[in-house]
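[1] Only the shape, not the letters, is given here:
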């Protein structure tokens, strides 16, 4: 009997130990922010532009992402303040619900704001746990507000379209995939400098109307937390070759036997190794890149299945990779920005000498001699052994 009573008492007490949703917020009591743009005004104030989710507008969307009924899926609001947090609170004069940032997917920063320094703009993120560190970050050459206000032709929620673009960057490896935690790590480093993908509005003509679409283009390069310039898509891939972040993409070379025609070589896999050396005070870095690809397409009628032609393609492929890497290194050393994490490599290999190097790293980095070694191989030529329309020998 006592045992049965004890069981009853435990059954009554156990639910009290279970955690519940004590801090839950109902969807009709909050404004879910999907994307945020940050601009700096001429008077020094901060301008924030939000994409706020409208659940009633999303209900009409189909599973394929096509726009359906229910009206617009987001409401765009712009607010200003002396600081980022001040601007967020000032949004209460337009939005009657509390802004909720846990589902925010995108942060866009305007170029002028980036030139004056992004560290103060991101300070709130390091303090408020509601602002996630895995949000995608972009820099635009114009106003961040224009990007946040732009609609997406395929997605009812524009921020979802931008998020999908960020995830698709690995297909070309000409735009880096950067989330907020990557930026914050580089900002606190004494040697590494940040780089962030660029985003812009480009005109698109459809029928007789001209519209604008959001496109990822170029890469913003920073010295400490200030924007100093932009890398082209090819220079960006040179940066990613060094970091070992090239996952896929196409290398276009001229065809052996017909230099006026192009051949597309698909990148299948790639890896890199960075080796720092120090000899009598002179710093040298050797960058070794190994790449494997396939012949994906040829515009010429030359039989590329022959050993000599195959070898020439490999040499051309390696030359393009080396050229992209060299272009990235030259510009980075000219600007004095260590976006390759060379400082980290020296710190690990020469820990006893690192304190002295770290103190003068801004002077040391531009003078590092960089040797590039590329090993590029082609594995196969696809199903067809000869180009379409080739004359038999």
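    Perfect, thanks for sending it. Since the structure is predicted, the reported quantities are computational estimates derived from the model, not experimental observations.
[2] I'd guessed residue 257 sits against residue 308; true?
    No - with contact defined as Cβ atoms under 8 Å, residue 257 does not reach residue 308; the gap is 9.3 Å. C-beta here means a position set from N, CA and C on the backbone, and glycine is covered the same way.
[3] In the helix or strand residue 215 falls within, which residues are buried?
    Secondary structure assigned from DSSP states H and E places residue 215 in strand 209-223. Buried residues in strand 209-223, counted by 16 or more other Cβ atoms under 10 Å: 213, 214, 216, 217, 218, 219, 220, 221, 222, 223.
[4] returning to that earlier point: which of residue 257 and residue 308 has more residues huddled nearby?
    Ranked by neighbour count (other Cβ atoms under 10 Å), residue 257 and residue 308 place residue 257 first, with 15 against 10.
[5] gap between the more buried one and residue 378?
    16 Å (Cβ to Cβ, to the nearest Å).
[6] Could you do residue 366 as well?
    Per Cβ to Cβ, residue 366 is found 36 Å from residue 378.
[7] The two: which has the busier surroundings?
    More crowded of residue 366 and residue 378, by other Cβ under 10 Å: residue 378, with 19 against 13.
[8] Mind pulling up the pLDDT for that one?
    With respect to pLDDT, residue 378 scores 92.
[9] so who does it touch?
    265, 292, 293, 294, 295, 310, 313, 314, 317 (Cβ atoms under 8 Å, 6 or more residues apart in numbering).
[10] In those residues, which has the lowest confidence score?
    Across those, the smallest pLDDT goes to residue 310, namely 86.
[11] Which secondary structure state does it sit in?
    helix (DSSP: H, G, I helix; E, B strand; the rest coil).
[12] With adjacent residues omitted, what lies nearest to it?
    The spatial neighbour of residue 310 that comes closest, neighbours along the chain excluded (Cβ to Cβ, 6 or more residues apart in numbering), is residue 378 at 6.2 Å.
[13] Quick one: name whatever helix or strand follows the helix or strand of the chain with the lowest mean pLDDT.
    Least confident helix or strand, the chain: helix 55-58 with a mean of 64, by mean pLDDT, DSSP states H and E. Using DSSP H and E, the helix or strand that follows helix 55-58 in sequence is strand 74-81.
[14] Could you tell me the average pLDDT over that following strand, please?
    The average pLDDT for strand 74-81 rounds to 92.
[15] strand partners of it, parallel vs antiparallel please.
    According to DSSP bridges, strand 74-81 forms sheet pairs with strand 46-53 (antiparallel).
[16] Confirm residue 88 sits in a helix?
    Yes - the assignment for residue 88 (three-state DSSP) places it in a helix.
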